[in-house]
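Asks: Mind looking at a prediction? Sequence and model below.
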Amino acid sequence: MKIRIVPSSKLFVSEPDPYMFGNDPNPTNDPAWSNANWLKSRFHFSFAEYSNFRNQDFGVLRVMNDDLVQPHRGFGTHPHRDMEIITYIVSGKLTHKDSMGTEETLGRGSIQFMTAGTGIRHSEHNLGDEPLRFIQTWIRPVSFGLTPNYGSCGGSAELRKNQMQHLVSNVMDKSTSTPVEISQETD
């Protein structure tokens, strides 16, 4: 398999209006902000307002977004279904709240996963005073109509220092144990 490296300058950049996700207007001079807009997303594949029929997905990988969310901003409650959603927190703190009653805040190196299955509603916010950066992937599940599920783990700085850490595997693969198990082959 040939791996193609795509420089960040070639990724589609989205900076949506704050009202689209239930946020107040962007402040004009907030020293805590590292970007003028509340959200800066880099899309690896067609997503939202970016449409390129030659860049729809990669196998079962449907979305891979690199998101930078400014302090006290976020994504208001919205629905998902029939998707495996995995989020890795690069820096800052992400607060998740969903229709199953889960509410938690995760920091750097943490990973959260959600089987949207038959349907789930959730919100994601940066309630902190520092910018939040996370990588979010959406993977098509092996079948539709799965029972919704949510989980997370704190991550280990020792296990990932100067090495790769296996984080995601197929729930049906009993030969592998990872912090995140989803209903799809990911190895």
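Replies: Arrived safely. Numbering: from 1, shown residues only.
Asks: Please count neighbours and contacts with C-alpha atoms only from this point.
Replies: OK.
Asks: measure residue 186 to residue 16 for me?
Replies: As judged by Cα to Cα, to the nearest Å, residue 186 and residue 16 stand 31 Å apart.
Asks: now residue 45
Replies: Residue 45 is 17 Å from residue 16, where distance means Cα to Cα.
Asks: out of these two, which sits in the busier spot?
Replies: A count of neighbours by other Cα atoms under 10 Å puts residue 45 above the other of residue 45 and residue 16, at 22 against 15.
Asks: What strand or helix carries the more buried one?
Replies: Residue 45 belongs to no helix or strand when assigned by DSSP states H and E.
Asks: Pull the contacting residues for it.
Replies: Contact partners of residue 45, counting by Cα atoms under 8 Å, 6 or more residues apart in numbering, are 52, 55, 56, 57, 62, 63, 64.
Asks: Generate JSON lines for those, with distance to residue 143 and neighbour count as supplementary columns.
Replies: Formatted as JSON lines, the contacts of residue 45 follow (distance: Cα to Cα, whole Å; neighbours: other Cα atoms under 10 Å):
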{"residue": "52", "distance to residue 143": "26", "neighbour count": "10"}
{"residue": "55", "distance to residue 143": "23", "neighbour count": "13"}
{"residue": "56", "distance to residue 143": "20", "neighbour count": "16"}
{"residue": "57", "distance to residue 143": "18", "neighbour count": "17"}
{"residue": "62", "distance to residue 143": "15", "neighbour count": "20"}
{"residue": "63", "distance to residue 143": "18", "neighbour count": "21"}
{"residue": "64", "distance to residue 143": "20", "neighbour count": "22"}
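Asks: residue ranges of the strands in this structure, please?
Replies: Taking DSSP state E as the test, the strands found in the chain are 12-14, 39-43, 61-69, 73-80, 84-91, 94-98, 103-106, 111-115, 120-126, 132-139, 149-153, 168-170, 180-182.
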